[in-house]
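Undergrad: sequence and predicted structure are below.
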Amino acid sequence: QVQLVEFGGGLVQAGGSLRLSCVLSGRTLNWYTMGWFRQAPGKEREFVAAISRSGGRANTVDSVKGRFTISRDNDKNTAYLQMNTLKPEDTAVYYCAARLEDTVMGLTAGDMDYWGKGTLVTVSS
């Protein structure tokens with residue numbers, strides 16, 4: 001049984017940084033494309049970033065390009081989302097997700113096979 005657990009959310013001022021971690025248990029991380037999604041109050045869950053099984057390919061949504069970086073350490077069974085220059089509009093619950101198929105483009109929430117419970121990121125102005 002695959003389980004995903006996110007760490008690293010919290011309260012940060014605008015312009016600050018946070019690093020989210022996602023630990024996968026029950027399987028080996030390198031079987032999965034890993035993704036990060038977020039959901040703000042009253043909004044749908046949206047794609048943020050994804051990284052391929054090997055880490056050789058990544059994709060991020062335009063609104064976070066140049067500020068957020070997705071990475072992974074397969075030896076540690078952990079994926080990361082480094083978030084810099086945070087803005088109040090980045091405030092959301094951030095979810096880690098895994099997908100068996102090795103693609104990082106055009107992903108939606110419905111494409112993912114496994115989900116974590118989410119971690120709240122709040123950016124104050």
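TA: Cool, got the structure.
Undergrad: ok, the residue nearest to Gly15 when sequence neighbours are not counted to Val123 distance?
TA: Closest residue in space to Gly15, ignoring its immediate chain neighbours: Thr85 at 6.1 Å, by Cβ to Cβ, 6 or more residues apart in numbering. Backbone N, C-alpha and C define where each C-beta goes, glycine included. Noted for Thr85: a distance of 10 Å to Val123, by Cβ to Cβ, to the nearest Å.
Undergrad: of these two, give the one with the bigger neighbour count.
TA: Val123 (20 against 13; other Cβ atoms under 10 Å).
Undergrad: the residue lying closest to that one once chain neighbours are set aside: what's it in contact with?
TA: Excluding the flanking residues, the one nearest Val123 by Cβ to Cβ, 6+ apart is Leu86, at 4.6 Å. For Leu86, the contact set (Cβ atoms under 8 Å, 6 or more residues apart in numbering) comprises 12, 14-18, 67, 121, 123.
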